[in-house]
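[1] can't give you the sequence, but here's the structure:
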């Protein structure tokens, strides 16, 4: 269960980072 939870956190962090970089690029475009 812990491994699944950690994997989920990593997936969320990856998506959040992608959206953050995408939003930052659009703001500075």
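    Looks like it arrived, so ask away. These figures come from a predicted structure and were not determined experimentally.
[2] Please state the offset of the helix or strand harbouring residue 20 from the chain centre?
    Here residue 20 sits within helix 2-27, counting by DSSP states H and E. Centre-to-centre, helix 2-27 and its host chain are 1 Å apart (CA atoms, centre = their mean, to the nearest Å).
[3] So for it, what gets flagged as buried?
    Within helix 2-27, no residue counts as buried by 16 or more other CB atoms under 10 Å. All C-beta atoms are positioned from the backbone trio N, CA, C, and that covers glycine.
[4] What average pLDDT does that helix get?
    Averaging pLDDT along helix 2-27 yields 95.
[5] helices and strands around it, which ones?
    The criterion is 3 or more CB pairs under 8 Å, 6 or more residues apart in numbering; DSSP states H and E, and there are no helices or strands that helix 2-27 contacts.
[6] Against residue 29, how distant is residue 4?
    38 Å (CB to CB, to the nearest Å).
[7] for residue 22, same thing?
    Counting by CB to CB, the gap from residue 22 to residue 29 is 11 Å.
[8] Kindly report the same for residue 16.
    Applying CB to CB to residue 16 and residue 29 gives a distance of 20 Å.
[9] Likewise for residue 23?
    Residue 23 is 11 Å from residue 29, by CB to CB.
[10] And for residue 5?
    Applying CB to CB to residue 5 and residue 29 gives a distance of 36 Å.
[11] go on, residue 9?
    Residue 9 is 30 Å from residue 29, by CB to CB.
[12] Over to residue 18?
    Distance, residue 18 to residue 29, by CB to CB: 17 Å.
[13] got it, and residue 8?
    32 Å.
[14] ditto for residue 17
    For residue 17 relative to residue 29 (CB to CB), the value is 19 Å.
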